[in-house]
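Build me a structure from this.
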Amino acid sequence: MTNASLVPAVIHEVPLQYYVFFATALFCIGVTGVLIRRNAIIIFMCIELMLNAVNILLTAFAAYRADPNGQIFVFFIMAVAAAEVAVGLGIIVMIYRNFQNTDVNLLSRLRG
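Model (predicted):
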């Protein structure tokens with residue numbers, strides 16, 4: 001039995017290119033948000049959007065190849081993203097308590 005015969009037919013109803021275009025659009029929106037926005041919370045949300053775009057691609061390629069390795073990578077990426085959010089939001093809360101603002105341009109005052 002080949003890997004192609006293990007993939008359910010419903011997966012092949014949506015072409016792989018649609019997943020690639022969708023993930024590319026999400027990733028570009030995330031990069032644009034990181035480069036343009038100044039609010040630290042929005043920047044973290046855009047980083048999460050980029051990570052989710054990568055997760056969509058890994059899951060789509062894993063489903064098309066009937067290989068669970070991509071989905072295992074997605075699990076680890078989600079765990080790292082959760083840790084990143086926990087640490088990042090903790091830092092943002094402490095910055096907001098000290099400066100009453102989350103603008104990343106104001107963080108140059110932290111240099112000393």
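
which phi and psi does Asp67 have?
For Asp67, the backbone dihedrals (degrees, to the nearest 10) come out as phi -120, psi 120.

cool, Asn101 as well?
Backbone torsions of Asn101, given as degrees, to the nearest 10, read phi -160, psi 150.

Count the neighbours of the residue lying closest to Ile56 once chain neighbours are set aside for me.
Closest residue in space to Ile56, ignoring its immediate chain neighbours: Ala23 at 4.6 Å, by C-beta to C-beta, 6 or more residues apart in numbering. In short, each C-beta sits where N, CA and C put it, glycine included. Applying other C-beta atoms under 10 Å, we find 20 residues neighbouring Ala23.

Need the three-state assignment for the residue nearest the centre of the chain.
What sits nearest the mean C-alpha location of the chain, by C-alpha atoms, centre = their mean, is Leu51, with 1.5 Å. Look at Leu51: counting by DSSP: H, G, I helix; E, B strand; the rest coil, its state is helix.

Can you name the next helix or strand after the helix or strand of the chain with the lowest mean pLDDT?
Of all helical and strand segments in the chain, the minimum by mean pLDDT, DSSP states H and E falls on helix 3-6, at a mean of 60. As assigned by DSSP states H and E, the chain's next helix or strand after helix 3-6 is helix 16-36.

Quick check: phi and psi at Asp103.
The phi/psi pair for Asp103 (degrees, to the nearest 10) reads phi -70, psi 130.

List the buried residues in the lengthiest helix in the chain.
Ranked by number of residues, the top helix in the chain under DSSP state H is helix 69-99. By neighbour count on 16 or more other C-beta atoms under 10 Å, the buried set for helix 69-99 is Gly70, Val74, Ala81, Gly88, Ile92, Ile95.

isn't Ala60 right up against Leu16?
Yes. Shown here, Ala60 and Leu16 form a contact pair, counting by C-beta atoms under 8 Å, at 6.3 Å.

Comparing the two, which residue is more hemmed in?
Taking other C-beta under 10 Å, Ala60 and Leu16 do not tie; Ala60 has more neighbours (19 against 14).
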